[in-house]
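Visitor: fold the following, please.
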Amino acid sequence: MKKLLFKYLGFLIFLLFTYITHKYLLNTQNAENQIAYINFTYLFNAISSTIILGVLFIIYKIDQDFLGFLLMLLGIIKIFFFVVLLKRYGFSLERKLFLNAFLPYAIGQIAEIWIITQLLKTNNSK
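Guide: As a prediction, the model looks like this:
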């Protein structure tokens, strides 16, 4: 379990590295609104991925049969809340900002899927 926690911390460090790279090197327009958009997307995806992994870990302790379906359902709910919060805080979903929204989401999804598969692998090996 500690090994899995260290792997998750490694993903958080990777997310931080990606955030810094994205914010300072890949950002072609240094508009203040775009920096706020990047900050929001990374923060939202880090927090929501941590919450999703926490919920999945609690469900894993109870029953492991529906973790894949639950992961898909929570992913859809994550997208829904992301769009709602974007609209609430005055951001828009534009084509030119697609990378700013998709990159943090993809990293969060990869981390969620990878951590759950590692969790299930450790259970199957026992």
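
Visitor: tell me the gap between the helix or strand encompassing Asn100 and the middle of its chain.
Guide: Using DSSP states H and E, Asn100 sits in helix 98-124. Averaged C-alpha coordinates place helix 98-124 at 7 Å from its chain's average position (Cα atoms, centre = their mean, to the nearest Å).

Visitor: enumerate every residue touching the spatially most central residue of the chain.
Guide: By Cα atoms, centre = their mean, the chain has its centre lying nearest to Gly108, at 2.4 Å. Contact analysis of Gly108 by Cβ atoms under 8 Å, 6 or more residues apart in numbering lists 15, 45-46, 48-49, 78. All C-beta spots, glycine's among them, are computed from the backbone N, C-alpha and C.

Visitor: please save the CA atoms from the strand or helix carrying Leu5 in CSV.
Guide: Under DSSP H and E, the secondary-structure element containing Leu5 is helix 2-21. This file holds the C-alpha atoms of helix 2-21, laid out as CSV (Å, rounded to 0.1, in the frame of the first residue of the first chain):
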residue,chain,number,x,y,z
LYS,A,2,2.9,2.4,0.8
LYS,A,3,4.4,1.6,-2.6
LEU,A,4,1.1,2.6,-4.2
LEU,A,5,1.0,5.8,-2.2
PHE,A,6,4.6,6.7,-3.4
LYS,A,7,3.6,6.0,-7.0
TYR,A,8,0.6,8.4,-6.5
LEU,A,9,2.9,11.1,-5.1
GLY,A,10,5.1,10.5,-8.1
PHE,A,11,2.2,11.3,-10.3
LEU,A,12,1.4,14.5,-8.3
ILE,A,13,5.0,15.6,-8.8
PHE,A,14,4.7,14.8,-12.6
LEU,A,15,1.5,16.9,-12.6
LEU,A,16,3.3,19.8,-10.9
PHE,A,17,6.1,19.5,-13.5
THR,A,18,3.6,19.4,-16.3
TYR,A,19,1.8,22.4,-14.9
ILE,A,20,5.0,24.5,-14.7
THR,A,21,6.0,23.5,-18.2
